[in-house]
Every structure is written in C-alpha cells, then in structure tokens.
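**Q** Just a sequence and a predicted model for now, questions to come.
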Amino acid sequence: MKSDISNIDVKALRGIQYRVDNNSQIVDKIVRDIIEPYTKDLDRYVVFIRECLKNGEQPPTDYELEDFCMNLSTFIYFANGMCEQLGVRDDIAKAVYKETYNNVREETSGTIQDKNAKAEQESQQEQLISVCYTRAYKTVKAKIDSAQELLSSCKKVLTRRMQEIELTKMSSNINT
C-alpha cells in the first residue's frame with residue numbers, strides 16, 4: 001500500500017505534535033523532580049570538574065586529579081545506593097499500575113476488548129507514573145555510568161603523569 005502525502009492534515013499533525021511536546025514537558029518535569037534528590041551531589045561535582053577543565057591552558061594538577069578520583073568514587077558509591085532505592089520505587093509503580101489495570105478490568109463488564117479498553121483508560125495515570133520512574137531509574141543509572149567513565153579517565157591521566165615522573169627520574173639517574 002502506497003501512502004499519499006497529499007492527504008496528510010498538517011494542522012492535525014501540528015496539533016498532535018503540540019500535545020506530545022506539552023505532555024512531554026510535564027513528564028520531563030516529573031522525571032527531573034524524581035531524579036534530583038538522587039543525583040544532585042554527583043551532578044554538582046561533575047559540573048565542578050567541568051568548570052575546572054574549561055581552562056585548557058591550565059590542566060588540573062595532580063592534587064586536583066586525586067581529589068576528583070576520591071570524590072567521584074564517593075559520590076558514585078552513594079548514587080549507586082540511591083539508584084537501588086529508585087529501582088524499588090520503579091517496581092512499586094509498575095505494581096500499582098498493574099493492580100489498577102487488573103481491578104478495573106475485573107470490575108468492568110462486556111467483551112474482552114471492552115474490559116481492556118476501560119482498564120487502559122482508567123489506569124493511564126498509574127502507567128504514566130510507572131513510565132516516569134522507569135525513565136528516572138535509567139537516567140540515574142546512565143549518570144552513574146558516565147561518572148564511572150569520568151573517574152576512569154581521571155585515573156588514566158593520573159597514572160600517565162606518574163609514569164612520566166618515573167621516566168624522568170630514571171632518565172636523570174642514568175645521566176648522572
């Protein structure tokens with residue numbers, strides 16, 4: 001079947017796009033509100049590191065890199081624990097959605113399609129909250145993974161610098 005682009009109602013598409021964008025903003029705000037207590041310390045520290053790195057002419061000192069490594073490890077540790085708490089909330093949100101869906105479906109009379117349609121309609125808010133918690137969990141997990149990579153990068157730079165110092169010491173010992 002070939003689609004006919006001339007039959008597309010652009011005004012209707014724009015209306016749907018507006019609804020999606022508007023509803024997405026609401027969901028995004030809910031997700032940000034869920035995430036913020038779990039990652040605010042880690043986020044602040046990563047922003048601090050980014051600010052330190054902005055000045056490319058003055059790379060971080062060894063002391064600053066050591067500080068980055070120690071603090072990132074600490075923030076990642078606590079964020080991982082909080083991520084697990086968020087995972088529990090995600091599981092509970094899914095259970096609440098399923099419970100509401102099943103209760104409405106059980107109380108509704110009619111065909112299977114009628115029951116499913118009514119249950120989907122009546123449990124839409126619960127499903128949306130479940131989606132928010134799932135997105136929040138995935139976002140927190142991604143932030144932790146990114147922080148792990150940043151920590152790994154800091155360690156690599158620090159290790160390379162230490163190796164360079166050792167090579168310099170060895171070179172000066174050979175020349176003397």
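**A** That came through fine. Residues are numbered from 1 along each chain as shown.
**Q** okay, CA-based contacts and neighbour counts for the rest of this
**A** Fine.
**Q** which helix of this protein spans the most residues?
**A** helix 124-175 (DSSP state H).
**Q** packing partners for that one?
**A** Under the contact criterion of 3 or more C-alpha pairs under 8 Å, 6 or more residues apart in numbering; DSSP states H and E, helix 124-175 touches helix 10-54, helix 62-107.
**Q** Spatially central residue for this protein, please.
**A** Taking C-alpha atoms, centre = their mean, the centroid of the chain lies closest to T139, which sits 1.2 Å from it.
**Q** Distance check, that one against G15.
**A** As judged by C-alpha to C-alpha, to the nearest Å, T139 and G15 stand 29 Å apart.
**Q** any idea how far Q127 lies from I30?
**A** Taking C-alpha to C-alpha, one finds Q127 at 13 Å from I30.
**Q** meant to ask about L13, not that
**A** 26 Å.
**Q** next one: K98
**A** From K98 to I30 the distance is 20 Å (C-alpha to C-alpha).
**Q** Same drill for Q127 and I30, tell me which one is more crowded.
**A** Counted by other C-alpha atoms under 10 Å, Q127 and I30 do not tie: Q127 has more neighbours, with 21 against 15.
**Q** Thanks a lot, see you next time.
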